[in-house]
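*Asks:* build the 3D model from these lines:
(one chain, ligands or ions: 1)
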Amino acid sequence: MHISDNSCCCSFDECKRTSDWLLSQTRYRPKIAVVCGSGLGLLAEYLTSKQAFRYEDIPNFPVCTVSGHEGRLVFGKLNDKSCVFMQGRFHLYEGYSLCKVTFPVRVFKLMGVETIIVTNASGGLCQDFKVGDIMIIKDHINLPGFAGQHPLCGPNDERFGVRFPTMSDAYSEDLRKLALDISSELGYSSFVHEGVYCMVCGPNFETVAEARLLHKLGSDTVGMSIIPEVTVARHCGLRVFGLSLITNMVSLEYSNEEKANHEEILQISKMRAEMLQKMVHMFIARLQGTTDGE
Ligand SMILES: O=P(O)(O)O[C@@H]1C[C@H](O)[C@@H](CO)O1
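*Replies:* Alright, predicted model coming up:
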């Protein structure tokens, strides 16, 4: 029998080695981490007193291979709070194992991070959504997980979390409520929704039949990321908040001439980055229990 073993590259000791290296290179001790999705690296722009590391310079870190993902880890301050932003993430379709895809989450945990904010670009399936809308992730459908592509497969290391973690409360209700309040204060309520995100492996965009299936399953949006990160974050006890930008509407009809493409997705992300930025910044400012000394 084949037993997948993640201990090769993402064991506790490997994560600790990277975490110790980062702690030795920066005086920041962030309690908040933000993962920037496709074209959303601008979210880190307003950090003050920035200190950035290229992924290739960080021991054990994977590197980004997709455009719109800069590949930099940026530490800095937002509203007097230390934060670390990942400008670029890793995807299963790039050929990385899911333990590599989620490696930074465990490194953050060992560095003392308590809350992780994940963002991404996704295709809209819910017919009430429009391109440019923002979805607060309420729940998810882990399709690769159903098919055995799961970041927690293999021996479980209890130092990170339990063998059988619960996922029914993956996206903190308090944090979702906070984000809804902020959207209303910013006047964004007409284009901010709550919904269910579904992950596919990619890299191809969905066929019409697949899109119809995902819609029928209860997915409001579909994308190629976030869920492995969220699963590993919950496994090791981090609080999770997720935002997905609807960069395209997925075709549910054969007659639809519009086809999703990565360049347009990046264009929409850039156009809406400022609004996401405002939401994320206000959100961080209001996060309880994240004040720090450094
Ligand atoms: O990292 P995210 O999920 O934002 O990236 C999305 C999914 C694909 O990587 C890419 C498709 O354009 O954008």
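
*Asks:* tell me which element Val105 is part of?
*Replies:* Taking DSSP states H and E as the definition, one finds Val105 inside helix 103-111.

*Asks:* that helix: which residues count as buried?
*Replies:* Phe103, Pro104, Val105, Arg106, Val107, Phe108, Lys109, Leu110, Met111 (16 or more other C-beta atoms under 10 Å). The C-beta positions use only the backbone N, C-alpha and C, and glycine is treated the same way.

*Asks:* please name every helix or strand in contact with that helix.
*Replies:* Secondary-structure packing of helix 103-111 (3 or more C-beta pairs under 8 Å, 6 or more residues apart in numbering; DSSP states H and E): helix 7-10, helix 12-25, strand 32-36, strand 81-87, helix 227-235.

*Asks:* could you dump it to CSV, C-alpha only?
*Replies:* C-alpha atoms of helix 103-111 as CSV (Å, rounded to 0.1, in the frame of the first residue of the first chain):
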residue,chain,number,x,y,z
PHE,A,103,4.0,25.1,3.9
PRO,A,104,3.9,28.9,4.6
VAL,A,105,0.7,28.5,6.8
ARG,A,106,2.6,26.2,9.2
VAL,A,107,5.6,28.5,9.2
PHE,A,108,3.3,31.4,10.1
LYS,A,109,1.8,29.3,12.9
LEU,A,110,5.3,28.6,14.3
MET,A,111,6.1,32.3,14.0
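
*Asks:* got the confidence number for Gly293?
*Replies:* Listed pLDDT for Gly293 reads 48.

*Asks:* residues from the stretch 101-250 of the chain in reach of the ligand?
*Replies:* Asn120, Ala121, Gly202, Gly223, Met224, Ser225 (C-beta under 6 Å from any ligand atom).

*Asks:* got these as CSV, with secondary structure and neighbour count columns?
*Replies:* Listed next are those as CSV, based on DSSP: H, G, I helix; E, B strand; the rest coil; neighbours: other C-beta atoms under 10 Å:
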residue, secondary structure, neighbour count
Asn120, strand, 29
Ala121, strand, 24
Gly202, coil, 16
Gly223, strand, 25
Met224, coil, 24
Ser225, coil, 25
